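Participant: need coordinates for the below:
(one chain, ligands or ions: 1)
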Amino acid sequence: MTSRRRKAIIRRRIFIALLVAILVAIGALGYLIFKIAQNDPTENEDSSEITSVSSNVSEPSSEEAPTSSDVTSSKEEEPQEPEIITTPTGVELDANFGRLLLINGQNALPDDYDTKVRDYLVEIDPKYRNNNYVTQIHKDVYPYITAMVAAAQADGVDLRVWSPFRSYAIQNDLFQKQVNRVGGDEAKAATVVARPGTSEHNTGICADFNMASDAFESTEMYTWMCENAQDYGFILRYPKDKQHVTGVIYESWHWRFVGINYAKEIKELGVTLEEYVEMKNLDPAMDMYGDDSYKQ
Ligand SMILES: [Zn+2]
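Facilitator: This next block holds a predicted model:
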């Protein structure tokens, strides 16, 4: 083989090698461009999504701690899950249901309450009461008060509802009579008979039993109530030695529905509703009219 021919072969080999290298380079470049063209927008979207998602996440995540604690605390404040108990006479009641509305001389009901509350009232069956003058109670309270009276009667105790709901007009009559009785002193009268709009009776979520007099304290009905009322959601609303808190004289006959678990806790703590509402930092006007979702 001549050196010329050998050189020609080498040149051809170099040329082929260069050609292959260029083709590989073009191929690689093309692939790279294709990949970039294909992936770029997606990658940008993804990353912007990630950015926006992470910014979305990071924003609420700073609120996340209070949000989750809010959920926890609201669960504690509002025991929405029913806790069904069965009374000795076979009535099923929800121990978690409650009405903590606070009404007193400082926390009056709105003027139009007297009209609005009528939608929530039901007639008490005569077998549970001993008064034909006032006969209605709030529907939320009806299953509890009738179960309580039935249980007392089953125990041989003649507990009866005497005075449940009273309209503003009836309350005003009672208040004016009391004002006359104490020689025109309205403030003094209000410690015995509340002014219209400041009486729990205007809501239908309380009741006087058997008789509205001190004689009730020495009856077996009162003894039975002291032992059992909390199991039906009722508390002695105006206890002895608490007039400075409630603004009302001791009334052994006046019992207020708050709910079974609330009544048990309030009794155990030995506090009035005023003290309980303050202790738990509750809105005094909570549950103003009742829980519409509640079925009696
Ligand atoms: Zn009363």
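
Participant: not counting its neighbours along the chain, what's nearest the closest residue to the ion within the stretch 101-250 of the chain?
Facilitator: Going by Cβ to the ion, the ion is nearest to residue 208 of the stretch 101-250 of the chain, at 4.1 Å. For glycine as for every other residue, the C-beta is placed from the backbone atoms N, C-alpha and C. Excluding the flanking residues, the one nearest residue 208 by Cβ to Cβ, 6 or more residues apart in numbering is residue 163, at 4.1 Å.

Participant: now the one you found: phi and psi?
Facilitator: phi -130, psi 100 (degrees, to the nearest 10).

Participant: compute the number of surrounding residues for it.
Facilitator: By other Cβ atoms under 10 Å, 22 other residues sit near residue 163.

Participant: any idea how far residue 290 is from the ion?
Facilitator: Between residue 290 and the ion the distance is 19 Å, computed by Cβ to the ion, to the nearest Å.

Participant: same question, residue 96
Facilitator: The gap separating residue 96 from the ion is 26 Å, by Cβ to the ion.

Participant: domain ranges for this structure?
Facilitator: Domain ranges of the chain: 1-77, 84-279, per automatic domain parsing.

Participant: can you tell me which of those the model trusts least?
Facilitator: Ranked by mean pLDDT, the domains of the chain end with domain 1-77 at the bottom, a mean of 51.

Participant: residue of the stretch 151-296 of the chain closest to the ion, please.
Facilitator: Nearest to the ion, among the residues of the stretch 151-296 of the chain, is residue 254, at 3.5 Å (Cβ to the ion).

Participant: ok, then the element right after the helix or strand hosting residue 223?
Facilitator: Element membership for residue 223, per DSSP states H and E: helix 220-228. Reading on from helix 220-228 to the C-terminus, the next helix or strand found by DSSP H and E is strand 234-236.
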